[in-house]
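Novice: mind looking at a prediction? Sequence and model below.
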Amino acid sequence: MGIFARDESRTTAAASRIARQATASLAGLLAGQGKTRSDLAAAMGVSPGRVSQIMSGEANLTVRTLAAVAEALDADVQITFRPRGQSTDAKTCRGTDSSPIRSSGLPAHH
């Protein structure tokens, strides 16, 4: 078995988990900026329905989509790979943040 060969169900579960993390972080960022989904749609130049797809976690959140959201909100995207089992609390205590999306000026929402 090659290094990238994985059980499809594990990959699907991991993708769902990552999408939930991204959308939860995005929802927190919107709330922290006092913006609505409609505000995000207008800033991105897309329909409110598209933002609903993004926020549902059902849409395929490509890097391009994440970048478009970040640019519309004047935010940074941070993607961090770390070994499984590593406590996120330990990372936070060291002053690093592994949230998928975070604002430059606001704390990340997990």
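Specialist: Received the coordinates, thanks.
Novice: hey, let's count contacts and neighbours off CA atoms from now on
Specialist: Fine.
Novice: the bottom helix or strand of the chain by mean pLDDT?
Specialist: strand 101-102 (a mean of 45; mean pLDDT, DSSP states H and E).
Novice: run the chain-centre distance for the helix or strand containing residue 52.
Specialist: Per DSSP states H and E, residue 52 falls inside helix 48-56. Its chain's average C-alpha position is 13 Å from that of helix 48-56, according to Cα atoms, centre = their mean, to the nearest Å.
Novice: and residue 73, how far is that from residue 34?
Specialist: According to Cα to Cα, to the nearest Å, residue 73 and residue 34 sit 11 Å apart.
Novice: any idea of the mean pLDDT for stretch 30-38?
Specialist: The average pLDDT within stretch 30-38 is 97.
Novice: correction: stretch 54-71
Specialist: On average, stretch 54-71 scores 90.
Novice: contacts for that stretch, please.
Specialist: Outside stretch 54-71, the residues that touch it by Cα atoms under 8 Å, 6 or more residues apart in numbering are 16, 19, 20, 23, 26, 27, 40, 44, 53, 76, 77, 101.
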